[in-house]
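Enquirer: let me see the structure of the following:
(chains A and B)
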Number of protein chains: 2
Amino acid sequence: MANGDLFIIGGNEDKKKQKELLSKFVELSGTREGKIGILTTATNYPLEVGEEYCELFRELGAADCVHFHIDSRELAEGTAFTDQLKEISSLFITGGDQVRLTSILGGTKFYNRLHKCWKRGMLIGGTSAGAAVMSRLMIMSSKTLGENEQIFIEMGSGFGFLEDVIIDQHFSQRARFTRLMNAIAHNPQIIGIGIDENTAIWVKERGDIFEVLGEHTVTVFDGKKLSYVDVAMANDNNDITISGVRLHTLARGYVFDLINRELIIETGRDNDEN
Amino acid sequence: MANGDLFIIGGNEDKKKQKELLSKFVELSGTREGKIGILTTATNYPLEVGEEYCELFRELGAADCVHFHIDSRELAEGTAFTDQLKEISSLFITGGDQVRLTSILGGTKFYNRLHKCWKRGMLIGGTSAGAAVMSRLMIMSSKTLGENEQIFIEMGSGFGFLEDVIIDQHFSQRARFTRLMNAIAHNPQIIGIGIDENTAIWVKERGDIFEVLGEHTVTVFDGKKLSYVDVAMANDNNDITISGVRLHTLARGYVFDLINRELIIETGRDNDEN
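Expert: Next comes the predicted model:
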């Protein structure tokens, strides 16, 4: 079977009004055939956060939830939670710190079983830290240091559901343009995807395309055809010069082809006149 | 004679430490042959601002300054200030509100004479509002309205020293990425140039190229090869989708070709090893 879809939210999704994104996630979960798993490893408030999402998913039509309250590698190596992966049709990864996710779960039995489930078609969703962790290469953290506001970005290994992609979340709201450009400068083969808050990408067709949902926009940085980048040079300052990045800003309804790195116009947003 | 160079600062230039940018402006002014004019029309504090720049320019080696304290169209139509344009070798346009500059000076005798002086080679510098006003098409103001943070941009006519360019200032510091993308979406033939604070572009060779100076970076958005933009469509939301913008981020020392819209590598930053 093909890899499951991914539902990647840029953080701060609406939980009080229309709940468009969470509602769509429940719909995609096809909940009649299974429960929704909630993975709270990223957060320091796993009980509160787990309970909140469980209530929301039930309210939106989910049959039931399973709370994966895994806060140690010991638990992640055990059978209790790993076995429960069989019961769920989708997993939702909450926000918090993505380094907690990778450091507690990376390489464990739970992680390996989760990958198997996903390869057999399980839908995986995530928000904020749960969004950042989706890709093979992940932004762990960044610091702005010193008078000249130099950005240091720590990269690490994410969960690897997406190859050749870096996800950045809270994108417009936290003004992460420079941070994602910096990541692309160091990894030009990678596509940088900046997802705004209360906005999501739904990755489908074995990861070949994604559709934009939600309130704001998704910004795509494609470094493949860079004409110049100076990260490997000795510089008298630390600002990076990078030339020829291809840029796309996509609102809801638009579909992007991750293979050919192009907006798909034909299947884009419905025109109001139709 | 050829058009004068332009020295365009993204605002908040260092006035207390190295004063690199103001110092370079004085150097380019070639002050032995004339005075530096200071145009304070943009600001509501013309006396204080005029005095401050005059002191700075003298300290940095300028022979003398002429304060163009023009705060009405009447003064701009008169001969007093217009005649004084003969005495100066460069003009520096201070910050404030660019709409004051265009509404008070646009189309007046002073404006027309200034254009003549520039066409005969007078150097023109400006910071913040004095940077925004440099191009033919100018961002007058923008507002972020409503729950979904929709951006409304008011465009107007600037002083027209640069064609096919829009300047945005305080670029990284005020997170104006979306604002400049929006301007490009509506005017894809235009090059958007976002200049950071305490950073400048020195436009030379009749406006064909610019060099980056100062502390941070300059971001260039080229919409010429856009593959798609939906500003003219009826949409169910107001976020713009735009695909295929070419993007460059340039640190100090790099030179950009405004005609071919490419970084000039050969004449770029000096390599430390040379």
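Enquirer: send me stretch A:249-256 as CSV with only the CA atoms.
Expert: The C-alpha coordinates for stretch A:249-256 follow below in CSV (Å, rounded to 0.1, in the frame of the first residue of the first chain):
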residue,chain,number,x,y,z
THR,A,249,3.1,32.1,-2.2
LEU,A,250,0.0,30.0,-2.2
ALA,A,251,-3.4,30.7,-0.8
ARG,A,252,-6.1,28.1,0.1
GLY,A,253,-7.3,25.8,-2.6
TYR,A,254,-4.1,25.8,-4.6
VAL,A,255,-2.1,22.6,-5.4
PHE,A,256,1.7,22.4,-5.6
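Enquirer: tell me if it is near chain B.
Expert: Yes - on the criterion C-beta under 8 Å from any C-beta of the partner chain, stretch A:249-256 is in touch with chain B at A:Thr249, A:Leu250, A:Ala251, A:Arg252, A:Gly253, A:Tyr254. The C-beta positions use only the backbone N, C-alpha and C, and glycine is treated the same way.
Enquirer: whatever helix or strand the first one lives in: how far from the chain's middle?
Expert: Which is A:Thr249. Element membership of A:Thr249 [criterion: DSSP states H and E] is strand A:242-250. Remark: strand A:242-250 is offset 20 Å from the chain centroid, using C-alpha atoms, centre = their mean, to the nearest Å.
Enquirer: just to revisit the earlier point, what's the farthest-apart pair in the residues of stretch A:249-256 next to chain B?
Expert: A:Thr249 and A:Gly253 (13.4 Å; C-beta to C-beta).
Enquirer: more neighbours, these two?
Expert: The residue with more neighbours, out of A:Thr249 and A:Gly253, is A:Thr249; 26 against 18, by other C-beta atoms under 10 Å in any protein chain shown.
Enquirer: the more buried one reaches B:Ile184, doesn't it?
Expert: No - judged on C-beta atoms under 8 Å, A:Thr249 makes no contact with B:Ile184 at a distance of 10.0 Å.
Enquirer: doesn't A:Gly130 make contact with A:Asp42?
Expert: Not Asp; residue A:42 is Ala. Yes - A:Ala42 is within contact range of A:Gly130, at 6.2 Å (criterion: C-beta under 8 Å).
Enquirer: need the residues touching each of those two.
Expert: Taking C-beta atoms under 8 Å, 6 or more residues apart in numbering or on different chains as the contact rule, A:Ala42 and A:Gly130 both touch A:Ile93, A:Thr94, A:Gly95, A:Gly96, A:Gln98, A:Leu101.
Enquirer: return the closest of the residues of stretch A:249-256 next to chain B with respect to B:Asn12.
Expert: Closest approach between the residues of stretch A:249-256 next to chain B and B:Asn12, by C-beta to C-beta: A:Thr249, at 27.2 Å.
Enquirer: name the residues that touch the helix or strand containing A:Ile8?
Expert: Assigned by DSSP H and E, A:Ile8 belongs to strand A:6-9. Applying C-beta under 8 Å, 6+ apart, the contact partners of strand A:6-9 are A:21, A:24-25, A:28, A:123-128, A:130-131, A:134, A:161-162, A:167, A:169, A:195, A:198-203, A:207, A:214.
Enquirer: what's the answer for stretch A:175-185, then?
Expert: Contact partners of stretch A:175-185, identified using C-beta under 8 Å, 6+ apart, comprise A:139, A:142, A:151, A:153, A:155, A:166, A:168, A:170-171, A:190, A:192, A:194, A:219, A:221, A:223, A:229, A:231, A:240, A:242, A:245, B:172, B:175, B:177, B:247, B:249.
Enquirer: switch the cut-off to 7 Å
Expert: Residues from elsewhere that reach stretch A:175-185 (C-beta atoms under 7 Å, 6 or more residues apart in numbering or on different chains): A:139, A:142, A:151, A:153, A:155, A:166, A:168, A:170, A:190, A:192, A:194, A:221, A:223, A:229, A:231, A:240, A:242, A:245, B:172, B:175, B:177, B:249.
Enquirer: with only the CA atoms kept, save it in PDB.
Expert: Extracted in PDB, the C-alpha atoms of stretch A:175-185 (Å, rounded to 0.1, in the frame of the first residue of the first chain):
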ATOM      1  CA  ALA A 175       8.500  36.600  10.300                       C
ATOM      2  CA  ARG A 176      10.700  33.600   9.500                       C
ATOM      3  CA  PHE A 177      11.500  34.600   5.900                       C
ATOM      4  CA  THR A 178      15.200  35.000   6.600                       C
ATOM      5  CA  ARG A 179      15.400  31.900   8.700                       C
ATOM      6  CA  LEU A 180      14.000  29.700   5.900                       C
ATOM      7  CA  MET A 181      16.100  31.400   3.300                       C
ATOM      8  CA  ASN A 182      19.200  30.700   5.400                       C
ATOM      9  CA  ALA A 183      18.200  27.000   5.600                       C
ATOM     10  CA  ILE A 184      17.800  26.900   1.800                       C
ATOM     11  CA  ALA A 185      21.100  28.600   1.300                       C
END
